[in-house]
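Q: One predicted model, sequence on top.
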Amino acid sequence: MALICIVIALIIDRSSEVLEQWRSFHWFERYCQWMVNHLPGLINQGASLVIILLLPLGLLTVIIQNGLDGAFFNLFSLLFALAVIAYSLGPVELNRQIDTYLAEREAGNDETATELASEIIGRPASSAPDQQTADVMHAILSESNDRIFCVIFWFLILGPLGALMFRLNSHIMYTSQNETLREAASRLQAILAWAPAHLVAVGYALTGNYEGASQGYREKIKQDNLSDCNYHTLITAGLGALKDCEPGEETACIRSTRGLVLRTLVVWVAVIAVLTLIGWMA
C-alpha cells in the first residue's frame, strides 16, 4: 500500500498545480492560535510546545487510520493514506518552480528570474548570475530532502502520521512568529531530517559521480548544529556528484542538479518496490 500511495502522490504532485492550491495550512494556524488562547501558560512551555501542539492532531490521525483499517478491502485506508502523503509533499512542487525559473532566465527576464530564485531558495537571491546559480543548486539539493524525501521516509516509518507530523512541524518552523516555537520546531526538524539526508546523500553518490560525492562528504566541515550538518551533508555529496558541471554553464548546471535529484528519487522508489516485493514493507 505504501508504494502505491507514494507513486500516485508523486505523479499527482508533478502533474497538477491544483494540489498546491489544496495544500492550505490556514486551518493549522487557526488551530495553533486556538490552543494558545485557550490553554493558559502553553506559550511558556518552551521546547515542548511544538510537541503539545502536534500531539492532538497526531492522535486524531492514528484514530482515523486505525478506524479505516480493513474497511471495504482497505480501500478507505488507502485513500486516506494517499490524501495525507499528497498533502504533505511540497508544499510547492520543486520541479515546476525550476522549470519556470529556467524559462525566465533563458528568456533574459533577469528580474523575474531573481524573484523566482528567491522563492526556491527561501531568501532574497543574488542578482549575480554565478552566485544565483550556486544558490539555486544548493537549494535544489537541500530543499528536495525537506519537500520530498523526508515525507516519504516518515510515511514509510509511521504511515500517514509520520508524513503529516513532519509537514506540520516544517510549517511551524518556516512560518511561526513565536521565536521559541520556531526554534523548537527547527530542532525537531533537524532530528527528523537526519536519516533521510544521509540516505539522499547516498542516492546522490549512486546516481552521480560516486568518487566526487564520497570525497565531498569526507572533506565536509564538521558542524555543531544538526540542521547545518544535514544541509552540508546534502550539499557536499550533491556537488561532488556533479563534478562534470562546468563553470559558465549556469542553466545546464541547474538542470544537472535537478536530474540528480530525480534519479535519486527513482532509486528510492525502486528500493521501496523491491522491499515491498520481498515482503519487508507493506
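A: Nice, I can see it.

Q: Alpha carbons only: can I get the one helix or strand residue 113 maps to in CSV?
A: Taking DSSP states H and E as the criterion, residue 113 maps to helix 110-121. The C-alpha coordinates for helix 110-121 follow below in CSV (Å, rounded to 0.1, in the frame of the first residue of the first chain):
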residue,chain,number,x,y,z
ASP,A,110,16.6,38.6,-15.1
GLU,A,111,14.4,40.5,-12.6
THR,A,112,11.6,37.9,-12.8
ALA,A,113,14.2,35.1,-12.6
THR,A,114,15.7,36.6,-9.5
GLU,A,115,12.3,36.7,-7.9
LEU,A,116,11.7,33.1,-8.8
ALA,A,117,15.1,32.1,-7.5
SER,A,118,14.2,33.8,-4.2
GLU,A,119,11.1,31.6,-3.9
ILE,A,120,13.2,28.5,-4.5
ILE,A,121,16.0,29.5,-2.1
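
Q: Can you check what angle separates the helix or strand just after that helix from helix 110-121?
A: Moving toward the C-terminus from helix 110-121, the next helix or strand (DSSP H and E) is helix 129-144. If you take axes from the mean of the first three to the mean of the last three CA atoms, to 10 degrees, helix 129-144 sits at 30 degrees to helix 110-121.

Q: Next one: the nearest residue to residue 178 once chain neighbours are set aside, what pLDDT does it get?
A: Closest residue in space to residue 178, ignoring its immediate chain neighbours: residue 43 at 6.9 Å, by CB to CB, 6 or more residues apart in numbering. The way it works is simple: take the backbone N, C-alpha and C, and place the C-beta from them, glycine included. For residue 43, the pLDDT comes out at 75.

Q: At which residues are the helices of the stretch 151-282 of the chain located?
A: Secondary structure of the stretch 151-282 of the chain (DSSP state H, counting those that start in this stretch): helices at 160-175, 179-207, 210-218, 226-241, 250-277.

Q: by contact count, what packs against the third one?
A: For helix 210-218, the contact count by 3 or more CB pairs under 8 Å, 6 or more residues apart in numbering; DSSP states H and E identifies helix 179-207, helix 226-241 as packing neighbours.

Q: Tell me the buried residues in the helix holding residue 113?
A: For helix 110-121, burial by neighbour count (16 or more other CB atoms under 10 Å) applies to 113-114, 116-118, 120-121.

Q: Same check on stretch 164-179?
A: Buried residues in stretch 164-179 (16+ other CB under 10 Å): 164-173, 176.

Q: Around residue 15, count how many other residues there are.
A: 11 (other CB atoms under 10 Å).

Q: Can you lay out the buried residues of stretch 164-179 as JSON lines showing distance to residue 33?
A: Formatted as JSON lines, these follow (distance: CB to CB, whole Å):
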{"residue": "164", "distance to residue 33": "19"}
{"residue": "165", "distance to residue 33": "19"}
{"residue": "166", "distance to residue 33": "21"}
{"residue": "167", "distance to residue 33": "19"}
{"residue": "168", "distance to residue 33": "14"}
{"residue": "169", "distance to residue 33": "17"}
{"residue": "170", "distance to residue 33": "18"}
{"residue": "171", "distance to residue 33": "14"}
{"residue": "172", "distance to residue 33": "12"}
{"residue": "173", "distance to residue 33": "17"}
{"residue": "176", "distance to residue 33": "11"}
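
Q: got a list of contacts for stretch 192-206?
A: Contacts with stretch 192-206, where a contact means CB atoms under 8 Å, 6 or more residues apart in numbering, come from 141, 144-146, 149-150, 152-154, 166, 169, 213-214, 217, 226-227, 229-230, 233-234, 237-238, 240-241, 260, 263-265, 267-268.

Q: now with 7 Å?
A: 145-146, 149-150, 153-154, 166, 213-214, 217, 226, 230, 233-234, 237-238, 241, 260, 264, 267-268 (CB atoms under 7 Å, 6 or more residues apart in numbering).

Q: Also stretch 134-142?
A: Outside of stretch 134-142, the residues within contact range by CB under 7 Å, 6+ apart are 94, 98, 117, 120-121, 125-126, 231, 234-235, 238, 253-254, 257-258, 261.

Q: Check the residues you listed and tell me the two furthest apart.
A: Greatest spatial distance among the contacts of stretch 134-142 (CB to CB): 126 and 261, at 21.8 Å.

Q: Between those two, which is the more surrounded one?
A: Taking neighbours as other CB under 10 Å, residue 126 and residue 261 compare with residue 261 leading, 25 against 16.

Q: Many thanks, have a good one.
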